[in-house]
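J.: The amino acid sequence is not available; the structure is as follows:
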């Protein structure tokens, strides 16, 4: 009885394992195909949820349903006008037919390698078929103009194609070559475009010299304007100073005339006043011209001696 019980448990476990191996869960980000002895059978499984397969005989191959990234390696490519540039690109792609994808490519690693060949090749063809200006620019735009001088900093030629159309051309050509691979390229872009090192140095030198020329022009015109302002300032300052000196002389002249009138009126008032005035003026002159080390020799007919005689 005990052996029968163990046997029943073993059979139940085996049955559960067999049944369990016949089911698998498909995530909403995945799609799958069923293979039997290495060959795909049935239609692709794209609906998320629980799926069934024949246990042990059939296997599940899962593929991503989301958008996948492709990042190209920077390559040195010549343009139509013989400019050597580094071109770095990227793209987005998606698996549209998992069955065809499995038959032709097997897995994502093989798909990335195939995209390297297709996208790099189409990029080289597109770059070599257009001038550098067409690859760099997308639209025509007005040249930069310096205010007040109306001088064009650089002359921009018009383009007829542009970067956006070249990217669309690469995308279209690449999708034609991937139509039987079960994938579709959604987007293609130039991530970075730059000159090679030896050309880049010459371009930078040219840009620096051009900007230095513009800076020198601004600097010389600024110095001329500064000298003009300085000349106007000095002229206005000299005018103001001369007017101030003239006004001061006029005021001083009026003051001297007024003082002279006052002195004359005081001098002519009476004899005693005149004598006092003469005495005070004489004393003031001696006070300003003599000190304690000065020896004064006077005659008997001098005004100072006459004053001393009167004091005695």
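T.: That came in fine, so what should we check first? Everything numeric here is computed off the predicted structure, so don't read it as measured data.
J.: Give me the contact list for stretch 164-173.
T.: Contacting residues not belonging to stretch 164-173 are listed as 91, 119, 122-123, 125-127, 130, 134-135, 138, 185, 187-190 [C-beta atoms under 8 Å, 6 or more residues apart in numbering]. All C-beta atoms are positioned from the backbone trio N, CA, C, and that covers glycine.
J.: Let me know the closest of those residues to residue 223.
T.: Distance to residue 223 across the contacts of stretch 164-173 (C-beta to C-beta) is lowest for residue 138, with 40.5 Å.
J.: before we move on, the earlier item: let's see which of the contacts of stretch 164-173 end up in strands.
T.: Cross-referencing the contacts of stretch 164-173 against strands under DSSP state E gives 91, 185, 187, 188, 189, 190.
J.: Test of understanding: give the bridge partners of the third one.
T.: Read that as residue 187. Under DSSP bridges, the beta-bridge partners of residue 187 are residue 92.
J.: quick one: it and residue 89 touch, right?
T.: No. Counting by C-beta atoms under 8 Å, residue 187 stays clear of residue 89, with 10.9 Å between them.
J.: Neighbour count for the two, which is higher?
T.: Ranked by neighbour count (other C-beta atoms under 10 Å), residue 187 and residue 89 place residue 89 first, with 23 against 13.
J.: is it true that that one lies in a helix?
T.: No. According to DSSP: H, G, I helix; E, B strand; the rest coil, residue 89 belongs to no helix; its state is strand.
J.: where does it land on pLDDT?
T.: Per-residue pLDDT puts residue 89 at 95.
J.: can you check residue 115 too?
T.: We have a pLDDT of 95 for residue 115.
J.: so where's the protein uncertain?
T.: For the chain, residues meeting the criterion pLDDT under 70 lie at 1-21, 142-156, 266-276, 290, 303-312.
J.: ok, which stretches of the stretch 151-300 of the chain are strands?
T.: Counting by DSSP state E, counting those that start in this stretch, residue ranges of the strands within the stretch 151-300 of the chain are 183-195.
J.: Which strands or helices does the biggest helix by length in the chain pack on?
T.: Identified as the longest helix of the chain according to DSSP state H is helix 197-267. Identification of packing neighbours for helix 197-267 by 3 or more C-beta pairs under 8 Å, 6 or more residues apart in numbering; DSSP states H and E yields helix 271-289.
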